[in-house]
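1. curious how this folds, go ahead:
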Amino acid sequence: MTRFGMATEGDWDSASLIGSWFVAVDPEAKVVSQGCVVAEPSGGTYLVEVIKDEDIRYQRLVPIDVMVEDGWAFFDSQEWMQAAFEREQRDAKAAR
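-> Predicted coordinates:
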């Protein structure tokens, strides 16, 4: 099983970010990256799986300080993340 599979199918400690889905946006609210936190190899540094599309995925290490500074949003499921993103897109269109 992959780390992604373990993170998304596992029963994780609620105090951990492992298994959480994330969206990182730029100042104009454009999505920069999205994916899932798959491991915490050392305290405060997370291995995330970034999902560009169905065929493009990669993993990278990200310190919690970067996540906080860049305003990452976290979600308990992929469905929740997608619904929130779609709602924000609708709201942004309506405001134009």
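2. now do stretch 55-73: distance from first to last residue.
-> Taking Cα to Cα, to the nearest Å, the first and last residues of stretch 55-73 lie 23 Å apart.
3. contacting residues around that stretch?
-> With contact meaning Cβ atoms under 8 Å, 6 or more residues apart in numbering, stretch 55-73 is reached by 3-4, 22-25, 32, 35, 38, 41, 44-52, 81, 84. The way it works is simple: take the backbone N, C-alpha and C, and place the C-beta from them, glycine included.
4. tell me the contacts of the spatially most central residue of the chain?
-> Centroid-nearest residue in the chain: residue 22, 1.7 Å away (criterion: Cα atoms, centre = their mean). Residues in contact with residue 22 (Cβ under 8 Å, 6+ apart) are 33-37, 48, 67, 72-75, 81.
5. which other helices and strands contact the strand ranked longest in the chain?
-> What stands out as the longest strand in the chain, according to DSSP state E, is strand 31-42. In terms of contacts (3 or more Cβ pairs under 8 Å, 6 or more residues apart in numbering; DSSP states H and E), strand 31-42 is packed against helix 3-9, strand 21-25, strand 45-51, strand 57-63, helix 78-95.
6. now the residue nearest to the centre of the chain: how far from residue 68?
-> 12 Å (Cβ to Cβ, to the nearest Å).
7. swap in residue 77?
-> The span separating residue 77 from residue 68 equals 22 Å under the rule Cβ to Cβ.
8. so for the least confident helix or strand in the chain by mean pLDDT, what gets flagged as buried?
-> Lowest by mean pLDDT, DSSP states H and E among the helices and strands of the chain is helix 3-9, with a mean of 76. By neighbour count with 16 or more other Cβ atoms under 10 Å, helix 3-9 contains the buried residues 4, 7-8.
9. show me the contacts for the residue nearest to residue 41 when sequence neighbours are not counted.
-> The shortest distance from residue 41 to any non-neighbouring residue, by Cβ to Cβ, 6 or more residues apart in numbering, is to residue 47 (5.8 Å). Neighbouring residues of residue 47 by Cβ under 8 Å, 6+ apart: 3, 37-41, 59-61.
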